[in-house]
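Colleague: coords please:
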Amino acid sequence: MTEEKKDDLNEQKTFLNGHEELLKSINSNSATSAKSETVEPAEAPASPEVEEEEAPVAQATVEEIPATVEAITEEGTLAVDLEPMIETPVVHPASRPPPGPTSSQNKPKGKKKKKKNHPRPPHSPQHEDVLKQQALEQQEVKEVLVFFKKYAKPAALVILLICAFILIDKFFKIQHQKKDLRADTALAQAQNADDLQAILNDYASSPAAPIALMSLAREKFNAGQIDEAESLYTQFLKKYGTLEQAAQAELNLISCKESKGQFAEAHLLYDIYSKTHKDSYLAPAARMGQARCLEALGELDEAQRVYEDLIANYPKSSWSRTAKIHLKMLPRKK
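Modeller: Purely as a prediction, here's the structure:
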């Protein structure tokens with residue numbers, strides 16, 4: 001080997017050794033910076049001007065190494081594997097991203113545990129029945145409200161009409177009660193036929209009217225006005241035939257016929273009356289009238305039989321004593 005080549009190799013070794021020392025210093029600086037970043041992430045570089053000057057130097061060094069290595073390998077004199085030396089990338093502090101919050105800072109303080117939404121159990125048949133019942137009640141309430149809205153006004157009018165009718169009816173009832181009271185007072189104070197006739201004219205619909213009519217017919221009969229009395233009794237039977245006094249009016253009407261001398265007709269009417277009103281307290285009076293008509297007709301034996309029957313059937317009545325008196329006088333008429 002010539003001296004020129006030896007000199008060249010020595011120069012290359014010297015060059016490579018200088019570059020190796022430079023690379024080692026760069027790698028050590030990068031490792032130190034990485035450690036300093038891990039230990040003190042929030043610490044910033046001391047001077048921004050130094051960072052601007054060092055960045056191109058490191059960049060140029062890294063870029064020049066491959067060119068030198070390629071040149072040496074092309075000549076075939078020396079091949080050095082520099083990959084392990086440049087494996088770790090050099091990152092300048094200026095190009096590093098700003099330090100972020102640590103993992104301890106990222107954790108939120110006092111995180112609340114989320115409540116787990118447990119699935120609801122399926123409804124039991126009883127629960128479903130309750131829900132159906134509630135839905136039915138709500139539907140009924142809605143129907144009632146709809147019905148009320150629809151028929152509220154007509155119902156209010158009907159209620160007002162009913163109230164008005166009740167008030168009017170009550171008013172008229174009070175007026176009738178007052179009128180009936182005046183009629184009763186007038187009947188109690190009546191002294192003759194004219195007073196009774198005035199009651200019939202003024203209070204014809206009052207309860208005092210039938211009593212006034214019977215009293216007026218009796219007054220006419222006692223006064224000898226038989227036709228008027230007969231007309232009044234007939235009027236009473238037509239107007240008040242369902243009252244209790246109708247039986248007395250019917251018997252008095254037969255007496256009017258007897259008083260007018262209609263003995264044959266009166267005899268038959270008395271006989272019918274005594275049979276239809278057999279249990280009435282007026283039946284003995286009818287039998288007595290029948291015996292009088294027979295006696296007036298000259299049928300003394302038949303009259304005697306009626307007297308005897310009256311005494312036998314109603315022994316304790318006043319009519320029985322009267323029949324005994326007529327029975328004693330009957331032989332004298334024969």
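Colleague: Now do the domain split for this structure, please.
Modeller: 11-37+52-93, 261-334 (automatic domain parsing).
Colleague: Lowest average pLDDT across those?
Modeller: Lowest mean pLDDT within these: domain 11-37+52-93, at a mean of 52.
Colleague: Return the residues in contact with C256.
Modeller: The contact partners of C256, by Cβ atoms under 8 Å, 6 or more residues apart in numbering, come to F221, I226, A229, E230, Y233. Yep, even glycine has a C-beta here, placed from its N, CA and C like the rest.
Colleague: Among those, which pair sits farthest apart?
Modeller: Across these, no pair lies farther apart than I226 and Y233, at 10.4 Å, counting by Cβ to Cβ.
Colleague: Show me which of those two is the more surrounded one.
Modeller: Y233 (26 against 16; other Cβ atoms under 10 Å).
Colleague: Apart from its chain neighbours, what residue comes closest to that one?
Modeller: L253 (4.2 Å; Cβ to Cβ, 6 or more residues apart in numbering).
Colleague: tell me the contacts of that neighbour?
Modeller: If you count contacts by Cβ under 8 Å, 6+ apart, L253 has them with E230, Y233, T234, L237.
Colleague: residue ranges for the helices of the protein, please.
Modeller: Along the chain, counting by DSSP state H, helices occupy 3-39, 48-75, 103-106, 125-189, 193-202, 208-222, 226-239, 246-259, 263-276, 283-296, 300-313, 318-333.
Colleague: tell me the most buried of those helices?
Modeller: Burial of the helices of the chain is given as mean neighbour count (mean count of other Cβ atoms under 10 Å); helix 283-296 ranks first at a mean of 23.
Colleague: What is that helix packed up against?
Modeller: Contacts defined by 3 or more Cβ pairs under 8 Å, 6 or more residues apart in numbering; DSSP states H and E place helix 283-296 against helix 246-259, helix 263-276, helix 300-313, helix 318-333.
Colleague: The closest residue to T322 other than its chain neighbours: what's it in contact with?
Modeller: Ranked by Cβ to Cβ, 6+ apart and with sequence neighbours excluded, the top spatial neighbour of T322 is M288, at 6.4 Å. By Cβ under 8 Å, 6+ apart, M288 lies in contact with L310, W319, T322, A323.
Colleague: just to revisit the earlier point, could I get the contacts of L253 in a markdown table, plus columns for distance to A156?
Modeller: Below are the contacts of L253 laid out as a markdown table (distance: Cβ to Cβ, whole Å):
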| residue | distance to A156 |
| --- | --- |
| E230 | 59 |
| Y233 | 55 |
| T234 | 53 |
| L237 | 50 |
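Colleague: Turn these into a markdown table, columns for distance to L268 and pLDDT.
Modeller: Formatted as a markdown table, these follow (distance: Cβ to Cβ, whole Å; pLDDT from 0 to 100):
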| residue | distance to L268 | pLDDT |
| --- | --- | --- |
| E230 | 17 | 95 |
| Y233 | 18 | 96 |
| T234 | 18 | 95 |
| L237 | 18 | 95 |
